[in-house]
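S.K.: take this sequence and fold it.
(one chain, ligands or ions: 1)
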Amino acid sequence: MAEPSENAVPAATVGRLPYYLRALRDMADEGVLLTSSSELAERAGVGSAQLRKDLSFLGSFGTRGVGYDVGSLAEYIKAALGLESEHRLAIVGIGNLGHALANYSGYAQRGFTVRALLDASPDVVGTEVAGLVVDDVADLEHVITARDVSMVVLATPGAVAQGIAEQVVAAGVREILNFAPTALQVPDDVVVRSVDVGGELQILAFHAAARAAGAS
Ligand SMILES: NC(=O)c1ccc[n+]([C@@H]2O[C@H](COP(=O)([O-])OP(=O)(O)OC[C@H]3O[C@@H](n4cnc5c(N)ncnc54)[C@H](O)[C@@H]3O)[C@@H](O)[C@H]2O)c1
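M.R.: Prediction:
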């Protein structure tokens with residue numbers, strides 16, 4: 001199946017594809033074979049015009065009056081997201097957050113396996129978390145190569161995140177999911193996605209303040 005090129009699909013569309021895929025998987029689990037753009041859009045939490053536009057970047061789907069084949073569309077979105085091949089993760093920083101991330105049970109269903117956990121603390125290195133023995137971050141590059149790690153999740157303190165990112169890149173990894181409160185400087189061919197729960201809450205606080213101001 002041909003995969004759309006990275007530049008042909010807008011980043012905002014790529015950001016919505018996981019929601020379409022999750023909605024399609026839920027439907028498949030419920031035994032739904034066909035869906036309409038309005039049903040899929042509602043389940044994914046977007047407007048149906050937005051859904052149709054997003055899918056138009058991937059190709060031509062659906063039959064007028066019949067709708068979308070749930071299984072085929074899910075397979076196509078999986079291919080577009082590069083989920084046909086398995087992605088192998090390492091999580092660096094096995095503290096509170098790293099433990100929670102390591103114990104998340106949804107990776108396999110979404111096309112990921114956790115191959116390595118790494119930390120710097122002697123209290124943590126050598127312990128078993130989620131079925132894996134935590135490795136010493138001093139061996140980071142060797143572990144990445146030996147376990148064929150393709151993506152790294154950073155859950156360390158912010159002060160050490162840049163140095164770890166540089167080692168990760170030197171070991172050949174090109175995709176990093178960053179939870180540390182640091183803007184990572186990486187080469188142009190490396191993609192960093194940052195997650196910031198505090199920032200999201202601040203955005204909610206902004207909306208709460210705006211609503212309160214409107215009500216007064
Ligand atoms: N992005 C978010 O929404 C979000 C939410 C919670 C926490 N965080 C951030 O995630 C990070 C982890 O938070 P936490 O609550 O798990 O902290 P924590 O202190 O419980 O865990 C940090 C872990 O990193 C390890 N570590 C320290 N230096 C290291 C190094 N050089 N290499 C490898 N491991 C190292 C520590 O030994 C510890 O196990 C922090 O930077 C925190 O600010 C982000």
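
S.K.: and the pLDDT at whichever residue of the chain sits closest to the ligand?
M.R.: Proximity of the chain to the ligand (Cβ to the nearest ligand atom) peaks at G95, 1.7 Å away. C-beta: built from backbone N, CA, C; applies to glycine. G95 is assigned 98 on the pLDDT scale.

S.K.: what's the burial count for it?
M.R.: By other Cβ atoms under 10 Å, the residues close to G95 number 13.

S.K.: list the contacts of it.
M.R.: Residues near G95 by Cβ atoms under 8 Å, 6 or more residues apart in numbering: D119, V124, A155.

S.K.: show me which of the residues you listed are buried.
M.R.: D119, V124, A155 (16 or more other Cβ atoms under 10 Å).

S.K.: keep only those that also lie close to the ligand.
M.R.: Contacts with the ligand within the buried ones among the contacts of G95, as defined by Cβ under 6 Å from any ligand atom: D119, V124, A155.

S.K.: would you mind naming what in the chain lies close to the ligand?
M.R.: So the chain meets the ligand at 92-98, 118-121, 124, 137, 155-158, 160, 164, 179-181, 195-198 (Cβ under 6 Å from any ligand atom).

S.K.: buried ones among the residues you listed?
M.R.: Counted by 16+ other Cβ under 10 Å, those give 92-94, 97-98, 118-120, 124, 137, 155-156, 160, 164, 179-180 as buried.

S.K.: which helices and strands does the longest strand that the chain contains pack with?
M.R.: If you go by DSSP state E, the chain has its longest strand at strand 112-119. Under the contact criterion of 3 or more Cβ pairs under 8 Å, 6 or more residues apart in numbering; DSSP states H and E, strand 112-119 touches strand 87-92, helix 96-103, strand 132-133, strand 135-136, helix 140-146.

S.K.: make it 6 Å
M.R.: In terms of contacts (3 or more Cβ pairs under 6 Å, 6 or more residues apart in numbering; DSSP states H and E), strand 112-119 is packed against strand 87-92.
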